[in-house]
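Enquirer: Generate coordinates for the sequence data below:
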Amino acid sequence: MFRLIKRFHNLYLSKDKHFARKLKELLGFVPYNLSIFQLAFSHRSNGNDNDSYAMTNNERLEYLGDAILGTIVAEYLFKKYPHADEGFLTKMRSKIVKRKSLNKIGEKMELDLMLAEQNTTRLSRSMLGNAVEALVGAVYLELGYDGTKRYLIRKILMNYVDIHELESFDDNYKSQLLEWCQKNGQNVSYKLIARYKYEKRDRFKVAVMVNGEKISVADDFNKKSAEQTASERALHQMGVLAPVVPATDN
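Expert: Predicted structure coming up:
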């Protein structure tokens, strides 16, 4: 009864009722604990990096959501593909929960609008994926595991992820590059060229080295993402993947 009254208050009487109504559109329900969801959209770039500030940004919720998301997706795939082996299930889970996919999901969910309200710094694409994980963490604290599973499957996986397309789509460029190099007797490695601060966040610049020769370079806020982008560029540079042809107006 308390939670029901609190949700009514949040929707109609609270000073944050505008935020509560946006959450209702996004989630399909009104949370009783609005502060947790406000925290989910508060990025660390808004403030400093001291220990106390960790309680006023979404990194802890991101950590929690990452674990919950991985578990629910693993269970969902386990039940959806009863005859699939571990390798297939692992690849499918990775395709769904990796940073690039979560960024796309966050974009489709229009989380940039929620982030813009809670942050004063310029938004980056990687913040969308972080917000998806933090949002899942907040939903878990609000609804528990079973409620989060229902929300994640019905509202996110079924609306924003094309499972059947992912079955045949492979954008793990790092794995593709490694496989090609092994087949062709080449040695591939990755070199961290630089780590620097950009808008109060760490950014990584990575090079792909094939037989000791630098083939391509990329940078990103996440080291693994930088390695993936650099690998894709290397595959194009080496002619393993067809070059991207820019669209032309007819």
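Enquirer: May I have stretch 90-110 exported as CSV, CA atoms only?
Expert: The C-alpha trace of stretch 90-110 is given here as CSV (Å, rounded to 0.1, in the frame of the first residue of the first chain):
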residue,chain,number,x,y,z
THR,A,90,28.0,-17.2,-25.5
LYS,A,91,28.3,-15.4,-28.8
MET,A,92,24.6,-14.4,-28.9
ARG,A,93,24.8,-13.0,-25.4
SER,A,94,27.9,-11.0,-26.3
LYS,A,95,26.2,-9.6,-29.3
ILE,A,96,23.3,-8.3,-27.2
VAL,A,97,25.1,-7.0,-24.1
LYS,A,98,28.3,-5.5,-25.6
ARG,A,99,28.8,-1.8,-25.5
LYS,A,100,28.0,-1.1,-29.1
SER,A,101,24.7,-2.9,-29.0
LEU,A,102,23.7,-1.2,-25.7
ASN,A,103,24.5,2.2,-27.2
LYS,A,104,22.1,1.4,-30.1
ILE,A,105,19.4,0.2,-27.7
GLY,A,106,19.8,3.4,-25.6
GLU,A,107,19.5,5.5,-28.8
LYS,A,108,16.3,3.7,-29.8
MET,A,109,14.9,4.2,-26.3
GLU,A,110,15.8,7.9,-26.6
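Enquirer: List the buried residues for it?
Expert: Residues of stretch 90-110 classed as buried: 91-93, 95-106, 109 (neighbour count, 16 or more other CB atoms under 10 Å). The C-beta positions use only the backbone N, C-alpha and C, and glycine is treated the same way.
Enquirer: same question, stretch 72-84
Expert: Residues Ile72, Val73, Ala74, Tyr76, Leu77 are the ones in stretch 72-84 that count as buried (16+ other CB under 10 Å).
Enquirer: Now do the helix or strand encompassing the last one: which elements does it pack against?
Expert: Just to be clear, that refers to Leu77. Here Leu77 sits within helix 59-80, counting by DSSP states H and E. Secondary-structure packing of helix 59-80 (3 or more CB pairs under 8 Å, 6 or more residues apart in numbering; DSSP states H and E): helix 34-40, helix 86-97, helix 126-151.
Enquirer: how about a cut-off of 10 Å?
Expert: For helix 59-80, the elements it packs on are helix 34-40, helix 86-97, helix 99-108, helix 126-151, helix 163-168, judged by 3 or more CB pairs under 10 Å, 6 or more residues apart in numbering; DSSP states H and E.
Enquirer: for this protein, what are the low-confidence residue spans?
Expert: For the chain, the stretches with pLDDT under 70 are 45-55, 243-250.
Enquirer: let's go with 80 and repeat that
Expert: By pLDDT under 80, the low-scoring segments of the chain are 44-56, 119-124, 171, 199-201, 242-250.
Enquirer: I'd like the domain boundaries of it, if you could list them.
Expert: Domain assignment for the chain by automatic domain parsing gives 2-168, 173-237.
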